[in-house]
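Colleague: coordinates only, sequence not included:
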C-alpha cells in the first residue's frame with residue numbers, strides 16, 4: 001500500500017500542513033522530476049492561497065529533512081524527486097526528460113571511514129525515443 005504524504009511527513013517529524021501535504025503528494029504522484037515552478041503552477045489552481053515562496057520553502061524543508069531529493073542534473077533548474085530508494089538519473093540531451101533507473105547495491109566498503117549522507121548518480125545522453133527520431 002502506498003504511503004500518504006501526511007504519513008511520510010509525520011515519519012520525518014514534520015508538521016503536515018495543507019501546503020506541505022500538497023507539495024509532497026504532487027511529488028509522490030508525478031515522477032517527472034518537476035521544478036518548483038512546475039509544482040506551483042500545478043497546485044495554484046486548487047490552492048489559490050499558495051505562493052511561490054511557500055513552495056520553495058516547503059521544498060527546502062523537505063530536502064533538509066531527507067523527505068525528498070533535490071536533483072541538480074542541469075545548470076538551469078533544481079528538480080525534485082520523492083523516490084526514497086537509491087537510483088540513477090538519466091537526462092536526455094535532446095528532449096530534456098529525466099528517467100529513473102534502479103541501481104545495484106553500491107560497493108562502498110572502501111569508504112568505511114566516511115559518513116555518507118547522500119549518493120547521487122547522474123548520466124546524460126540520448127534516450128531511446130530520441131535516438132529513433134534521429135535515425136529516421
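Modeller: Alright, I've got the coordinates. What you are looking at is a predicted structure, and each value in this text was computed from that prediction instead of being measured. Residues are numbered from 1 along each chain as shown.

Colleague: Quick check, central residue of this structure?
Modeller: The chain has residue 81 as the residue nearest its centroid, 1.1 Å off, counting by C-alpha atoms, centre = their mean.

Colleague: how is the protein carved up into domains?
Modeller: When the chain is parsed into structural domains using automatic domain parsing, the resulting residue ranges are 5-81, 87-135.

Colleague: Please indicate which of the ones you listed has the most neighbours on average?
Modeller: Between these, domain 5-81 has the highest mean count of neighbours, a mean of 16, where neighbours are mean count of other C-beta atoms under 10 Å. Every C-beta, even on glycine, is put in place using the N, C-alpha and C of the backbone.

Colleague: End to end on that domain, go ahead and measure it.
Modeller: Distance across domain 5-81, first residue to last, is 13 Å (C-alpha to C-alpha, to the nearest Å).

Colleague: ditto for stretch 94-101
Modeller: 18 Å.

Colleague: How far does that stretch sit from its chain's centre?
Modeller: Averaging C-alpha coordinates over stretch 94-101 and over its chain gives two centres that are 13 Å apart (C-alpha atoms, centre = their mean, to the nearest Å).

Colleague: Likewise for stretch 90-98?
Modeller: That offset, for stretch 90-98, works out to 15 Å (C-alpha atoms, centre = their mean).
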